[in-house]
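Visitor: can you look at this prediction? I've put the sequence above it.
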Amino acid sequence: MAASLCCLMILSACADHDNPVYNEVIDDKPFTGDQDIDKSYIPGNNFYWYAVGSWLEDPNRGPSQFELVSTQLTNAYYNNLMTSQDPVISHIRNLAEQAQTDDSKMVELLKNNLAVIDAIKTANDRDLIFKQLQNLGYHPLFRISPIINSGNIWGLVTNGGKPRAIDQIMNYPDATQSEKLDAKVAEIAGGLKDMGFSEKRVNEITAHAQEIEKMELLIHINTYDACHKIWTINEKARRKASKEEEQAYAYLILDLMNIPQKYAGYLVPQESVDVLYGNQPSFNPLFKLYFSEAPEDIAKVRDYLIYNTYAQDAAMLPSLSPKLTLKDIMHNATYALKYHMFKTCVESFGLQNIHKEECSRIMADMRQLFDERISKLDWMSDATKQAARQKLAAMKFSIGYPDQWNEEFSPEVEGSNLLEAIIYLRAFQTGCSLKTLGKSAQDYAWEYFTSSVPFYLDNAFYHPSSNMLVILPSWLTDIRFSTEESDAKRFATSFCFGHEMSHGFDANGSMFDSQGAMKDWWAPEDTVKFKNKQQEMIELYSELEIYEGLHVDGAQSLTENMADLGGVTLASELYKKQLQAQGYSQKGIDEQLKKFYLSYAQIWKNSRILNKEYLDQHFAMKNEPHADEHIRVNGIARLMDDWYRIYDVKEDQKLYVAPERRVKIW
Ligand SMILES: [Zn+2]
């Protein structure tokens with residue numbers, strides 16, 4: 001790492017030097033990307049297949065980077081669960097081992113909890129139980145989800161957590177899934193009998209629960225469909241529908257949970273589909289049922305609560321779910337623990353294995369380079385440039401893991417049996433979520449992110465409504481970001497950092513200001529030019545084919561394509577600056593750039609592009625802004641002037657774009 005710091009320091013010292021000393025430094029660190037090349041493809045016709053063809057065509061191909069990273073981090077996660085010496089995790093592990101031999105106390109506790117719910121007779125009883133269950137971390141009906149809006153974290157009332165089986169049906173409604181649901185219902189019914197419910201009651205409970213689950217399913221499907229429409233067609237008009245009624249329900253739930261109304265997401269302007277998702281008017285029939293005064297509705301909700309509470313807890317208890325391994329129990333038991341799990345995973349994986357410092361240095365240089373590029377743009381007025389630079393300067397980077405861990409978000413060692421401990425952990429995590437509400441998203445970035453993002457997730461994000469990006473550890477381990485391999489590969493990986501930064505200035509992100517408020521900071525004449533550039537991008541991408549005869553939807557993938565263009569531009573320009581500062585000749589630079597572009601293509605190695613059925617499904621996903629892997633490679637390559645030179649791309653080749661049509665934005 002020290003060597004790289006040195007390089008970057010040389011870079012800033014020499015960048016503006018008129019007569020650099022040509023003292024060629026050879027990057028002789030290993031580069032293995034050549035082995036994936038298929039030379040039977042001409043780069044100018046299909047750069048993706050040229051760069052990764054040998055790998056794609058090999059029936060015994062090894063794992064892709066995405067697969068390697070996923071395996072590495074999932075192993076680290078389970079390793080942490082099974083061996084961590086962290087007091088909370090080892091306490092849970094001890095209790096889980098005990099539960100494997102004897103979970104009778106836990107079964108007794110579950111029975112008691114179910115009996116309390118079963119005693120619901122009046123609307124008042126039911127509302128009290130709602131509160132108790134919510135405070136214990138159960139979310140059968142609704143929950144408060146933290147969301148970011150205008151720089152702060154707010155609460156949003158959403159449809160609550162559902163048993164996993166129904167979730168799967170909602171996402172993949174096919175026959176096998178519905179069989180799985182039937183099996184699940186039968187399993188729960190059997191379990192409820194063991195809990196002492198009579199056969200008649202069990203039939204009643206499952207019938208009532210299924211009635212509500214079916215409503216949820218319908219609502220989900222309608223909402224999902226509505227989301228697609230909202231995404232593409234009529235966002236604002238839809239949002240106005242029966243807002244008052246929704247607010248009234250939201251307030252009622254907040255009251256039940258003892259949460260100040262000001263934290264309801266409804267009270268702030270909502271600009272994202274995630275937020276609307278919980279706000280759909282079609283959700284209202286469920287709310288009406290949950291709070292109905294009619295005795296038959298109260299009975300339905302009571303039974304639904306019994307069913308869900310059993311389903312959630314039985315999944316933790318070995319005698320009720322005999323197939324559970326210790327690993328499963330540990331996973332289920334710690335599932336509620338978000339921030340603390342992230343923390344212990346990072347610690348057990350080893351800070352030295354997550355290259356946070358190196359990434360931070362590159363990102364600081366990238367931000368500076370981006371700023372210089374904005375100040376030199378020829379298509380933008382000074383006033384807009386000023387606002388753009390201000391936004392870039394204010395952008396918060398959350399890289400790898402927090403600089404300092406927040407001890408308040410780590411639980412105590414509690415519970416004398418596994419279920420007691422789990423109930424405590426769930427309640428603790430609910431408390432953590434509530435603690436973030438009303439806080440600055442920039443100050444509580446990791447507390448917020450870890451509530452939805454596990455350690456092993458392979459991704460990175462930009463949040464327009466807080467002007468903040470997060471790079472998860474998956475981008476910073478040796479698999480992608482090793483300092484022992486050629487710098488070309490590490491800089492190609494850095495495209496991801498520039499990609500997220502560029503999201504702040506894509507077709508959507510550019511509508512938000514430096515504080516994450518949706519505010520127009522553009523001079524009108526610049527907006528026109530910016531939109532024209534977007535249109536040119538749309539047209540260029542729409543020329544490309546996913547497979548013969550199926551063209552890319554350039555409009556749907558615009559924001560991601562813009563972010564890729566920004567990311568590859570910044571990463572390659574930064575790398576060139578380093579190479580120049582190191583004294584490389586043009587020929588030497590071009591050799592390294594070849595490795596850079598190959599590495600970029602190889603990030604996107606994925607054999608799913610061989611599967612036409614998959615490509616059709618992916619294309620049909622109306623809210624999927626990412627183009628397929630080969631498009632992300634070919635689409636970008638043809639916009640980069642260097643790529644034409646280093647691969648000698650000719651006018652009659654398929655990917656060729658005339659220089660004046662190669663869109664340059666940032
Ligand atoms: Zn993106």
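Guide: Everything's here; your move.
Visitor: the ion contacts on this structure?
Guide: E560, A563 (C-beta under 5 Å from the ion). No exception for glycine: its C-beta is placed from N, CA and C like everyone else's.
Visitor: which residues does the helix or strand hosting Q592 contact?
Guide: Assigned by DSSP states H and E, Q592 belongs to helix 586-603. For helix 586-603, contacts defined as C-beta atoms under 8 Å, 6 or more residues apart in numbering pick out 24, 26-27, 31, 33-34, 36-37, 47-48, 51-52, 55, 65, 480, 486-489, 491-493, 495, 568, 571-572, 575-576, 579-580, 584, 633, 636-637, 640, 642-643, 645-647.
Visitor: among those, which lie within helices?
Guide: Mapping the contacts of helix 586-603 onto helices (DSSP state H) picks out 47-48, 51-52, 55, 65, 480, 487-489, 491-493, 495, 568, 571-572, 575-576, 579-580, 633, 636-637, 642-643, 645-646.
Visitor: give me the ChimeraX select line for these, limited to the buried ones.
Guide: Buried residues within these, by 16 or more other C-beta atoms under 10 Å, are selected in ChimeraX with:
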select :47,48,51,52,55,65,480,487,488,489,491,492,493,495,568,571,572,575,576,579,580,633,636,637,642,643,646
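Visitor: this structure: strands as residue ranges?
Guide: 142-149, 152-159, 396-399, 460-463, 468-471, 545-547, 550-551 (DSSP state E).
Visitor: quick one: the ones you listed as JSON lines, columns for mean neighbour count and distance to R93 too.
Guide: As requested, the strands of the chain are exported to JSON lines (neighbours: other C-beta atoms under 10 Å; distance: least, C-beta to C-beta, whole Å):
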{"stretch": "strand 142-149", "mean neighbour count": "24", "distance to R93": "28"}
{"stretch": "strand 152-159", "mean neighbour count": "24", "distance to R93": "32"}
{"stretch": "strand 396-399", "mean neighbour count": "20", "distance to R93": "30"}
{"stretch": "strand 460-463", "mean neighbour count": "20", "distance to R93": "31"}
{"stretch": "strand 468-471", "mean neighbour count": "23", "distance to R93": "29"}
{"stretch": "strand 545-547", "mean neighbour count": "15", "distance to R93": "47"}
{"stretch": "strand 550-551", "mean neighbour count": "13", "distance to R93": "50"}
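Visitor: return the distance of stretch 627-636 from the chain's centre.
Guide: Between the centre of stretch 627-636 and the centre of its chain there are 20 Å (C-alpha atoms, centre = their mean, to the nearest Å).
Visitor: what average pLDDT does that stretch get?
Guide: In this model, stretch 627-636 has a mean pLDDT of 97.
Visitor: what's the answer for stretch 379-393, then?
Guide: 97.
Visitor: who touches that stretch?
Guide: 367, 370-371, 374-375, 377, 467, 501, 504-505, 513-514, 521-523, 525-526, 529, 533.
Visitor: excluding chain neighbours, what is closest to the residue of the stretch 351-500 of the chain found nearest the ion?
Guide: For the stretch 351-500 of the chain, the residue closest to the ion is H499, as judged by C-beta to the ion, at 5.6 Å. Nearest non-adjacent residue to H499, counting by C-beta to C-beta, 6 or more residues apart in numbering: G567, 3.2 Å away.
Visitor: neighbours around the one you found, how many?
Guide: 23 (other C-beta atoms under 10 Å).
Visitor: then V657?
Guide: 16.
Visitor: just the CA atoms of stretch 640-660, as CSV, please.
Guide: Only the C-alpha atoms of stretch 640-660 are listed here, as CSV (Å, rounded to 0.1, in the frame of the first residue of the first chain):
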residue,chain,number,x,y,z
MET,A,640,-13.7,5.4,-25.4
ASP,A,641,-11.2,7.0,-27.8
ASP,A,642,-8.3,5.1,-26.3
TRP,A,643,-10.0,1.8,-27.0
TYR,A,644,-10.1,2.5,-30.8
ARG,A,645,-6.4,3.3,-30.8
ILE,A,646,-5.1,0.4,-28.7
TYR,A,647,-7.3,-2.2,-30.4
ASP,A,648,-7.0,-0.7,-33.9
VAL,A,649,-10.7,-0.6,-34.4
LYS,A,650,-11.7,0.1,-38.0
GLU,A,651,-14.7,2.0,-39.4
ASP,A,652,-16.3,-1.1,-40.9
GLN,A,653,-16.3,-3.0,-37.6
LYS,A,654,-19.5,-3.6,-35.8
LEU,A,655,-18.9,-1.6,-32.6
TYR,A,656,-17.4,1.4,-34.4
VAL,A,657,-18.8,4.8,-33.6
ALA,A,658,-17.6,7.9,-35.4
PRO,A,659,-15.6,10.2,-33.1
GLU,A,660,-18.2,13.0,-33.1
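Visitor: what sits up against it?
Guide: Residues contacting stretch 640-660 (C-beta under 8 Å, 6+ apart): 42-47, 540, 568-569, 572, 576, 590, 593-594, 597, 634, 637-639, 662.
Visitor: what does stretch 186-197 give?
Guide: Under C-beta under 8 Å, 6+ apart, the answer for stretch 186-197 is 110-111, 114, 118, 199, 201-203, 205-206, 306-307, 310-311, 314, 320.
Visitor: give me that answer again for 6 Å
Guide: K111, L114, V202, T206, Y310, A311, A314, L320 (C-beta atoms under 6 Å, 6 or more residues apart in numbering).
Visitor: mind checking how far K200 is from T206?
Guide: According to C-beta to C-beta, to the nearest Å, K200 stands 11 Å off from T206.
Visitor: can you say which of the contacts of stretch 379-393 are buried?
Guide: If we count by 16+ other C-beta under 10 Å, the contacts of stretch 379-393 have these buried: 367, 370, 374, 377, 467, 501, 504-505, 513-514, 521-523, 526, 529, 533.
Visitor: doesn't M501 make contact with the residue nearest to H499?
Guide: No. Contact criterion C-beta atoms under 6 Å: G567 and M501 do not qualify, at 7.6 Å.
Visitor: which residues do these two both contact?
Guide: Counting by C-beta under 6 Å, 6+ apart, nothing touches both G567 and M501.
Visitor: between the contacts of stretch 186-197, which is closest to the ion?
Guide: Looking across the contacts of stretch 186-197 and measuring by C-beta to the ion, the closest to the ion is A311, at 35.5 Å.
Visitor: and the gap between E414 and E347?
Guide: Counting by C-beta to C-beta - E414 and E347 are separated by 21 Å.
Visitor: please read the previous query as pertaining to E187.
Guide: 37 Å.
Visitor: taking the contacts of stretch 379-393 one by one, which sit in helices?
Guide: Counting by DSSP H, the contacts of stretch 379-393 contribute R367, F370, D371, I374, S375, M501, E525, D526, K529, K533 to helices.
Visitor: which of the residues you listed lies closest to H340?
Guide: M501 (29.6 Å; C-beta to C-beta).
Visitor: how far away is I538 from the ion?
Guide: Using C-beta to the ion, to the nearest Å, I538 is found at 17 Å from the ion.
Visitor: and the pLDDT at the nearest residue to that residue once chain neighbours are set aside?
Guide: Closest residue to I538 apart from its sequence neighbours, by C-beta to C-beta, 6+ apart: G554 at 3.8 Å. Predicted confidence (pLDDT) at G554: the value is 95.
Visitor: which ones are touching S360?
Guide: With C-beta under 6 Å, 6+ apart, S360 has these contacts: I399.
Visitor: tell me where the stretch 151-300 of the chain is predicted with low confidence.
Guide: 158-178, 217-247, 249, 264-284 (pLDDT under 70).
Visitor: would you map the helices across it?
Guide: Residue ranges of the helices in the stretch 151-300 of the chain, as given by DSSP state H, counting those that start in this stretch, are 164-171, 175-194, 199-232, 235-239, 243-256, 273-279, 284-290, 295-314.
Visitor: wait, W405 sits on V346?
Guide: No. Taking contacts as C-beta under 6 Å, W405 lies outside contact range of V346: 8.9 Å.
Visitor: in this protein, where is pLDDT below threshold?
Guide: Ranges of the chain meeting pLDDT under 70: 1-25, 158-178, 217-247, 249, 264-284, 622-623.
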